[in-house]
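Visitor: Sharing a model that was predicted from the sequence below.
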Amino acid sequence: MAKFEFPPSILSRPVWGRLEARSGKSHLMIADAEGAEAILDIATPELMENTHIIYIPKGANHADKLRALAPAQFYEGPSYDASVQRIRRVLSGAHMGLQVYLTGTESLMGQAMRETSTAGIPHSAVQTEHRGSVARRMQCVHCKGITEDVELDPFVCSHCGLNLFVRDHYSRRHAAYQGVCVDAEDHGNIPEPKGIYE
């Protein structure tokens, strides 16, 4: 899958890089959906000897390819929420020199970055690469509810039902972009929805 080139934006918006194999005693690779392709691109037998892969398919079909890499440990989870306890356990037991690779959707990378930060993993030990969907994890600034996989702007908050404008303002604490009521001053005047990057 081709990499999506995000347009220039404001400073709070995350900038995703490109994974590269690094030296280290241990490696943790967390991916969802097409993020598996980034792992496949950098995998070597030597790297996999000390690698723990946590993969969340989200409808993609790369688990068998990742297993075939013969990582030291492999876990396939049904969702991020179902996998977060394992991520926390691996991070809490990590030794100095752990290298972390996050790849896939912005939602996965943002949430996993929050976990690495909480666990005290240095920022320099964490790499990211976006692959796959450009849908956003959005937080309603009015009700504080989180709506996953937002692809349209404006969108309807899944918690309070307000029509929200998709903003580039990003909260690392919530690992979510911020959505603001689009018709607060002119109730009912809602623009026609379009794709976020159209």
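Guide: Happy to help now that I have it.
Visitor: Alpha carbons only: can I get stretch 143-157 in PDB?
Guide: Written as PDB, here are the backbone C-alpha positions of stretch 143-157 (Å, rounded to 0.1, in the frame of the first residue of the first chain):
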ATOM      1  CA  CYS A 143     -18.900  16.100  26.000                       C
ATOM      2  CA  LYS A 144     -15.300  14.700  26.000                       C
ATOM      3  CA  GLY A 145     -16.500  11.600  24.200                       C
ATOM      4  CA  ILE A 146     -14.100   9.800  21.700                       C
ATOM      5  CA  THR A 147     -15.300   8.800  18.300                       C
ATOM      6  CA  GLU A 148     -13.000   6.300  16.400                       C
ATOM      7  CA  ASP A 149     -12.500   6.100  12.600                       C
ATOM      8  CA  VAL A 150     -13.800   9.500  11.600                       C
ATOM      9  CA  GLU A 151     -13.500  10.000   7.800                       C
ATOM     10  CA  LEU A 152     -15.900  12.900   7.100                       C
ATOM     11  CA  ASP A 153     -15.800  16.500   8.100                       C
ATOM     12  CA  PRO A 154     -18.100  17.500   9.700                       C
ATOM     13  CA  PHE A 155     -19.200  14.400  11.600                       C
ATOM     14  CA  VAL A 156     -21.700  13.600  14.300                       C
ATOM     15  CA  CYS A 157     -20.400  12.900  17.800                       C
END
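Visitor: Flag every buried residue along it.
Guide: Across stretch 143-157, burial judged by 16 or more other C-beta atoms under 10 Å covers 146-147, 150, 153-157. From N, CA and C alone the C-beta is placed, and that goes for glycine too.
Visitor: swap in stretch 106-117?
Guide: 106-116.
Visitor: what would those look like in a markdown table with secondary structure and pLDDT?
Guide: Below are the buried residues of stretch 106-117 laid out as a markdown table (DSSP: H, G, I helix; E, B strand; the rest coil; pLDDT from 0 to 100):
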| residue | secondary structure | pLDDT |
| --- | --- | --- |
| Glu106 | helix | 96 |
| Ser107 | helix | 97 |
| Leu108 | helix | 98 |
| Met109 | helix | 98 |
| Gly110 | helix | 97 |
| Gln111 | helix | 98 |
| Ala112 | helix | 98 |
| Met113 | helix | 97 |
| Arg114 | helix | 97 |
| Glu115 | helix | 98 |
| Thr116 | helix | 98 |
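Visitor: Just to be sure, Gln178 is in a strand?
Guide: Yes. According to DSSP: H, G, I helix; E, B strand; the rest coil, Gln178 belongs to a strand.
Visitor: What ranges in this structure fall below the confidence cut-off?
Guide: Applying pLDDT under 70 to the chain flags residues 1-2.
Visitor: what ranges do the helices span in it?
Guide: Applying DSSP state H to the chain gives helices spanning 35-42, 45-48, 63-68, 80-92, 106-118.
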